[in-house]
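Asker: give me a 3D structure for the following:
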Amino acid sequence: MAGAKTYQGMRTFLVIWFGQLISTLGSGLTGFALGVWIYEKTGSATLFAMNMLAFAVPNLLVSPLAGALVDRWDRRWAMILSDTGAGLSTLAVFLLLLTNHLEVWHIYVITAISAAFSTFQWPAYSAATSTLVPKEQLGRAGGMVQIGEAISQIIAPGVAGALYVTVGMQGVVLIDFITFAFAVGSLLLVRIPRPAASVEGEQGKGSIWKEAMYGWKYITARPGLLGLLLVFAGTNLFSGIMQPLLAPLVLDMTSADMLGYLGSVIGIGMLLGTLVMSAWGGPRRKVHGVLGFLLLGGIFTSMLGLRPSIPLMTAGGFLMMFTFPIVNGSSQAIWQRKVALDVQGRVFSVRRMIAWSTTPIAFAIAGPLADKVFKPLLLEGGPLASSVGQVIGVGPGRGVGLMFIILGLCNVVVATAGYLSPRVYHVEDDLPDAVQEDAAIEPLTPAQEAVSSASGLSGE
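Answerer: Numbers count the residues shown, from 1 in each chain. As a prediction, the model looks like this:
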């Protein structure tokens, strides 16, 4: 019986995963095409970046409320709502294009609306995965979920660019809308069992605002999870500073086509990491997958700035991105195992909000730090030209290179601090598993069994 449940759960997960994979690829196409459209219309990098801000802010503000609602609702319908809202937002862009009424501010508003709907997606998807996938397979499932992001990073820019000049912006957006419809269709074919009520779930009941805040209360009551979350907030700060500076670092030394080459190789590193994580599932003690590979990722980040050498930077970028899926997949497995199933929506939403809270700060300070502080240090005759410059070089790109070295070492320090914290290091031992196999989900009623059998795809 347990084997049949495991088979049905994994089959349901794979149906959902494939639908979301297709949708992620479509979103990557539209994201790239909208950025090109904005830049062609305005020629402004600031207005281009504003669209990223329009997506980030709703994710931070709406997440706690979305998580509470995800725990109240059927997780499948929460995902359908998210995909439908995002799909309708895409359709709105298509109709505005079709009638020649699309303006840049329309894109900001539609992006913000789409982002608000997307806040339901991640906690619902993660919580559903915890219910469907056996706990020993959660690491592999985490790797599989990241495959779509990796593939999108590799192929979306090239495919979107080709489509943009052949079928135009309208064609790209229409393809994205179709992928959302595909994702919704796959969700309509399956059923996600509702988790049984837990003690934690009963304690967190109340008004929608109380339930939204319960995610924070749940995390702070478990110092190991809080410490793990603070590790990610710290690394997101340093990685966020690095993210907008990679292109200037490369372009200071070489051409745009070399930047494209480097970006593709880095994307392949991420894809390989997701494939390895999907097949391997991470180390038995997942905390080593988080902290150990985070430490390695910091070392590889520093390689990007060590010398003005494209081969060395390519190797560093490839290896850095290879570690990310293992870090993220291992972390996801810990959270999915240790958080009660019926409160995962609100806990995961607060978790993401806190982990991402440092990203806007990083984006805001990255440029001024590079232009006003680090670049002058390693110019010819600069304050560090005769010391540090003798090791990593002087001239264009060397100041930003020094930033990458420091940011990588900062991530090494954060990972080391995690290892030195008993609460973080022993989080898997100190907290009991919340996933209790067959007892973790409510059984189907006879009517639900009939519906499940008719679909031929899911059931207990």
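Asker: so where's the chain uncertain?
Answerer: Segments of the chain classed as low confidence (criterion: pLDDT under 70) are 1-7, 39, 43-49, 153, 156-158, 160-161, 255-260, 435-460.
Asker: quick one: the residue of it most remote from its centre from I80, how far?
Answerer: Of all residues in the chain, G381 sits farthest from the chain's C-alpha centroid, using C-alpha atoms, centre = their mean; the distance is 41.7 Å. With distances defined as C-beta to C-beta, to the nearest Å, the gap from G381 to I80 amounts to 62 Å. C-beta: built from backbone N, CA, C; applies to glycine.
Asker: please apply the same query to I192.
Answerer: Separation of I192 from I80 (C-beta to C-beta): 11 Å.
Asker: neighbour-wise, which of those two wins?
Answerer: Legend: neighbour count by other C-beta atoms under 10 Å for I192 and I80, higher for I192 (25 against 19).
Asker: distance of A54 from L61?
Answerer: Summarising the geometry, the distance separating A54 from L61, computed by C-beta to C-beta, is 12 Å.
Asker: more crowded one of the two?
Answerer: Neighbours around A54 and L61, counted as other C-beta under 10 Å, are more numerous at A54. The numbers are 19 against 15.
Asker: list the contacts for the more buried one?
Answerer: Contacts of A54 were listed using C-beta atoms under 8 Å, 6 or more residues apart in numbering, and they are I107, Y108, V109, T111, A112, A115.
Asker: quick one, which of those are buried?
Answerer: Members of the contacts of A54 that pass the buried threshold by neighbour count (16 or more other C-beta atoms under 10 Å) are listed as I107, Y108, T111, A112, A115.
Asker: closest to I155 out of those residues?
Answerer: Sorting these by how near they are to I155, with C-beta to C-beta, puts T111 at the top with 22.0 Å.
Asker: ok, and the closest non-adjacent residue to the closest one?
Answerer: Setting aside the residues directly before and after it, T111 is nearest to A54 in space (C-beta to C-beta, 6 or more residues apart in numbering), at 4.4 Å.
Asker: what helix or strand is the one you found on?
Answerer: helix 45-72 (DSSP states H and E).
Asker: what residues sit buried inside that helix?
Answerer: When neighbours are counted by 16+ other C-beta under 10 Å, the buried residues of helix 45-72 are found to be 47-48, 50-52, 54-56, 58-60, 62-71.
Asker: can you map out the helices along the stretch 301-450 of the chain?
Answerer: Using DSSP state H, counting those that start in this stretch, the helices of the stretch 301-450 of the chain run over residues 310-338, 344-356, 359-368, 375-377, 389-392, 398-420, 422-425, 427-430, 446-455.
Asker: name the residues that touch the fourth one?
Answerer: Spelled out, it's helix 375-377. By C-beta under 8 Å, 6+ apart, the surrounding residues in contact with helix 375-377 are G382, P383, L384, A385, V388, G399, V400, L402.
Asker: A124: which of those is nearest?
Answerer: Comparing these against A124 with C-beta to C-beta picks out V400 as the nearest, at 39.0 Å.
Asker: how many other residues sit next to the closest one?
Answerer: By the criterion of other C-beta under 10 Å, V400 has 25 neighbours.
Asker: same question for K41.
Answerer: Neighbour count of K41, defined by other C-beta under 10 Å: 13.
Asker: same deal with K375?
Answerer: 20.
Asker: kindly report the same for V172.
Answerer: Close neighbours of V172, defined as other C-beta under 10 Å, add up to 29.
Asker: now do it against S309, distance only.
Answerer: For V172, the distance to S309 under the criterion C-beta to C-beta works out to 36 Å.
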